[in-house]
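[1] I need the structure of the sequence given here:
(chains A and B)
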Amino acid sequence: MISVDLAKHMTSASNGQKEIILKTENVSVYYGNFLAVRGVYLDIPKNKIVAFIGPSGCGKSTLLRTFNRLNDLIPGCRVEGRITFHKQDIYDKKIDPIDICRRIGMVFQKPTPFPKSIYENIAFGARVNGYRGNMDELVEQSLRQAALWDEVKDKLKQSGLALSGGQQQRLCIARAIAIQPEVILMDEPCSALDPISTLKIEELLDELKEKYTIIIVTHNMQQASRIADMTAFFNAEATEMGGKMGYLVEYDETQEIFHNPKEKSTQDYVSGRFG
Amino acid sequence: MMSESKPSEQQENQQLWRPNRQRSKLVELAVKSLFGLFALVSVATTIGIIFVLIFETIEFFREVPFWRFLTDKEWTPLFSNAQFGIFVLISATFLTSIIAITVALPLGLLAAIYLSEYAQPKLRQWLKPALEILAGVPTVVYGYFALLFVTPLLQKIIPGLQGFNALSAGMVLGISIIPLVASLSEDAIYAVPQSLREGAYALGATQREAIIGVVLPGALSGIVASFIIAVSRAIGETMIVAIAAGQNPTLGLNPFVPIMTMTAYIVQVSLGDTPAGSLAFKTIFAVGMTLFVLTLILNVFSFWFVRRFREKYE
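    Sure thing, here's the model as predicted:
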């Protein structure tokens, strides 16, 4: 706990007056009676890339999915503690989860293009959110931002499923960008892709952080060290019931996490001793 | 450990393992042949049926020119002044099938969407088998249900509705194929990966928007296939139309009068004392062939459509 507080202190110190866009206070996530993640304190600064790393089952994806309330879809899933987005509690009863999804976008582990044309894949999100502007422009602009426009501009009518894996994932990023969110959550977006596609997406993320705040879960430590400004290391401990419970070990500047970690388990993980 | 055991122990251990490879091979071959034979029997039966159909149909067209089959305005093969207008029967089959589909498609599809997307898992566990049991009700029961319950009910609403009519038969026929449509469509809808639904929700779609915009397009090929299978079932269904739609070959698409579908005609002639080899006898093969060709076309189309439009998810 001390280390977490210290990390929080470090964060605020090193970021100066940096605006905090998303904040978790003592957040725990339960599946039924099973505690999956316990007591997370995190400050996500605006226009930064924050990476969540840690071994399997440490709850990083679970935590990520609480930020846009996608866990609401899972029966029995319950969130305790406070998650604030621009100082507004997103689990407040007055908040419509659909509004949250509109402002906090998400890209999943596997590319999930809809069974529609490339154009419609992007227009869908805009339509359900009542976008009244010029759709052609929005589609082009989103595809350009996702560095996919040049590859697909002549086949916008083709099915999104006909693209390669890397292209599909960039289509999903374009789709997320199209509804102009403030935060983009990425759940291991490159784990199903080859190294070249991965590189393209990493380059893309660096450009995207100008406009968006990005939280990315990754198993790939090199990836975290390459792209992230801040890194949070999660670990898991076995529970008496035979499951695993995740918790935040350390959260700091990426440099610090990889070269000067405060915690022994972080040191062991980033040096590849386990995980 | 192996190095410590004495040579004699090793030999003893070897004695325990005496597989009979030769016999295994023979058994494998016998089993393979046996199953192959069974597979062959079912295929051979189908081919045999088709050959009989083709053979008897050719015999029929030796006596009745093909153009008369297509152009005659009446279907009276048992009269002295015999006419062979197949479209009289086709129009009746078409009419009952259309009515049936009009009933079955919306109800079946909506039921499928509810079961797959809205129903609680526990409710789905009960409802789906219950629906499939409905498909197991003998169609003769549906036939009497149409004749003795639905028709009198409809007669109260529609004056002048005859005792035997296409409307009642078609509606009950539709009810009888709802489980088929619902069950097959539900399979297709349920098979759409959860990740697609999450993708839609993550963009701020409501459940309805996710279903209409993403899930249904994803399940389209399966849904269309279920529709087509339901249509061919409606075309081939016999008992309901034979009981409730009448035995009166009428050209036209009036749903309020008695009609005679292709299947009902085959029943009529098969149950009568028509001598084998007579022209009337051969007509049922010509009608059967027509029925077979129609459903075959539908099934081939369905097969093609599914292959062409199936979305391949990883």
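[2] now do the helices in the chain.
    No chain specified, so I'll use chain A. If DSSP state H is used as the criterion, the helices of chain A fall at A:2-15, A:60-66, A:97-103, A:118-128, A:135-145, A:149-152, A:165-178, A:195-208, A:221-227, A:254-259, A:264-270.
[3] wait, I meant chain B there
    Taking DSSP H as the criterion, chain B carries its helices at B:7-15, B:21-63, B:66-71, B:86-113, B:121-134, B:139-145, B:151-157, B:166-190, B:194-202, B:207-210, B:216-236, B:239-244, B:262-271, B:279-309.
[4] from memory A:I173 sits against A:F108, does it?
    No. The pair formed by A:I173 and A:F108 falls short of the contact definition of C-beta atoms under 8 Å, at 10.6 Å. C-betas here are computed from N, CA, C, even on glycine.
[5] what touches both of these two?
    Both A:I173 and A:F108 are in contact with A:P189, where contact means C-beta atoms under 8 Å, 6 or more residues apart in numbering or on different chains.
[6] residues in the stretch 51-200 of chain B within reach of chain A, list them.
    For the stretch 51-200 of chain B, the residues in contact with chain A under the definition C-beta under 8 Å from any C-beta of the partner chain are B:193, B:195-200.
[7] circling back: compile the helices of chain B into a markdown table and extend it with columns for mean pLDDT, distance to A:R82 and mean neighbour count.
    Below are these laid out as a markdown table (pLDDT from 0 to 100; distance: least, C-beta to C-beta, whole Å; neighbours: other C-beta atoms under 10 Å in any protein chain shown):
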| stretch | mean pLDDT | distance to A:R82 | mean neighbour count |
| --- | --- | --- | --- |
| helix B:7-15 | 79 | 67 | 9 |
| helix B:21-63 | 93 | 64 | 11 |
| helix B:66-71 | 88 | 77 | 12 |
| helix B:86-113 | 93 | 37 | 22 |
| helix B:121-134 | 88 | 31 | 13 |
| helix B:139-145 | 92 | 59 | 18 |
| helix B:151-157 | 92 | 61 | 13 |
| helix B:166-190 | 93 | 37 | 25 |
| helix B:194-202 | 92 | 22 | 21 |
| helix B:207-210 | 94 | 27 | 16 |
| helix B:216-236 | 91 | 37 | 21 |
| helix B:239-244 | 90 | 62 | 27 |
| helix B:262-271 | 88 | 68 | 19 |
| helix B:279-309 | 89 | 47 | 17 |
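[8] where does the stretch 51-200 of chain B get nearest to chain A, which residue?
    Distance from chain A to each residue of the stretch 51-200 of chain B (C-beta to the nearest C-beta) is smallest for B:G199, at 4.1 Å.
[9] what's the burial count for the residue nearest to that residue when sequence neighbours are not counted?
    Once its chain neighbours are removed from consideration, B:G199 has its nearest residue in A:T112; the separation is 4.1 Å (C-beta to C-beta, 6 or more residues apart in numbering or on different chains). Other residues within reach of A:T112 by the criterion other C-beta atoms under 10 Å in any protein chain shown amount to 26.
[10] closest to A:G76 out of the helices of chain B?
    Proximity to A:G76 (C-beta to C-beta) singles out helix B:121-134 among the helices of chain B, at 11.7 Å.
[11] mind checking the helices of chain B for the one nearest to A:K48?
    For A:K48, the closest of the helices of chain B is helix B:194-202, at 21.1 Å, according to C-beta to C-beta.
[12] need the pLDDT of the residue of the stretch 51-200 of chain A found nearest chain B.
    Among residues of the stretch 51-200 of chain A, the one nearest chain B by C-beta to the nearest C-beta turns out to be A:G125. It sits 3.6 Å away. In this model, A:G125 is scored at 93, pLDDT.
[13] how close does the closest residue to A:R65 other than its chain neighbours sit to B:W17?
    Spatial nearest neighbour of A:R65, excluding adjacent residues (C-beta to C-beta, 6+ apart): A:N71 at 4.7 Å. The gap separating A:N71 from B:W17 is 55 Å, by C-beta to C-beta, to the nearest Å.
[14] between those two, which has more neighbouring residues?
    Of the pair A:N71 and B:W17, A:N71 is the one with more neighbours under other C-beta under 10 Å, namely 19 against 6.
[15] what's near enough to touch that one?
    Contacts for A:N71 were tallied using C-beta under 8 Å, 6+ apart; they are A:29, A:62, A:65, A:77, A:79.
[16] ok, now how distant is A:Y251 from chain B?
    25 Å (C-beta to the nearest C-beta, to the nearest Å).
[17] now do A:K23
    On the measure of C-beta to the nearest C-beta, A:K23 and chain B end up 21 Å apart.
[18] and the gap between that residue and A:D96?
    The spacing between A:K23 and A:D96, counted by C-beta to C-beta, is 20 Å.
[19] with neighbour numbers in mind, choose between the two.
    Neighbour count, other C-beta under 10 Å: between A:K23 and A:D96, A:K23 has more, with 17 against 11.
[20] just give the nearest non-adjacent residue to the more buried one, would you?
    Take A:K23 and drop its neighbours on the chain: the residue closest to it by C-beta to C-beta, 6+ apart is A:T84, 4.8 Å away.
[21] distance of the residue nearest to B:G199 from B:G204?
    15 Å.
[22] again, but for B:A245
    Following C-beta to C-beta, the distance that separates B:A245 from B:G204 is 51 Å.
[23] more neighbours, those two?
    Neighbour tally, B:A245 and B:G204, criterion other C-beta under 10 Å: the higher count belongs to B:A245, 32 against 25.
[24] can you give me phi and psi for that one?
    With angles defined as degrees, to the nearest 10, B:A245 shows backbone torsions of phi -100, psi -10.
[25] so for it, what's the pLDDT?
    Reported pLDDT for B:A245: 88.
[26] neighbours of the residue in the stretch 151-300 of chain B positioned nearest to chain A, how many?
    Nearest to chain A in the stretch 151-300 of chain B, going by C-beta to the nearest C-beta, is B:L203, at a distance of 3.6 Å. Number of residues near B:L203 (other C-beta under 10 Å) recorded here: 31.
[27] noted, bye for now.
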